[in-house]
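**Student:** next comes the sequence, and after it the predicted model I'd like to discuss.
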Amino acid sequence: MTVPAEVRGRFYTLRAAALAVGLPGIAAIVLGTHSFGLRSLGLVGIVVGLWLVRRSNAYVWRARGQAVPDLSPARAARRVGPLAWTLTGVSLAACGFFYLAVRADLVHGGKQTWPVYALFVAVLALAGTSGYVAMKIFR
């Protein structure tokens, strides 16, 4: 595939990001066979990596004139802003981190309660932000 010069940097950056996210996801699924949390994070990594590849292809198609973007006002009203996507991604990462913190605390006796409360807040934040994103997309 020949990549037009105006999108070459973005194309290769997205492909490198896809490899950086997708390969650890594949490794997590293959190596973490008994850990549901690790396999779930691996699956999320694979999905994000495939989405990045799809996005990089879309930039190439637009540069070639093969894909025409939908610029209608109805589409613009449904568009989710970057802040909502960022907050959803951060809350998803926080859910994964605090899940691992709860697991580590359980391994050491389960005497701390703060990881449970932090996981609860992270799950609430994820539910709120992903609900907003889904509502904007499927309205």
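**Tutor:** It's in.

**Student:** mind listing what's buried along the lengthiest helix in the chain?
**Tutor:** When the chain is parsed with DSSP state H, its longest helix is helix 36-64. Neighbour counts over helix 36-64 (16 or more other C-beta atoms under 10 Å) mark 38-42, 44-46, 48-49, 52-53, 56, 59-60, 63 as buried. All C-beta atoms are positioned from the backbone trio N, CA, C, and that covers glycine.

**Student:** now for these: which two are most distant?
**Tutor:** Greatest spatial distance among those (C-beta to C-beta): Leu38 and Ala63, at 38.1 Å.

**Student:** now stretch 87-103: average pLDDT?
**Tutor:** Averaging pLDDT along stretch 87-103 yields 94.

**Student:** again, but for stretch 119-139
**Tutor:** On average, stretch 119-139 scores 92.

**Student:** buried ones in that stretch?
**Tutor:** Leu119, Ala122, Ala125, Leu126, Thr129, Ser130, Val133.

**Student:** contacts for it?
**Tutor:** The contact list for stretch 119-139 (C-beta atoms under 8 Å, 6 or more residues apart in numbering) reads 78-80, 84-85, 87-88, 91-92, 94-95, 97-99, 101-102.
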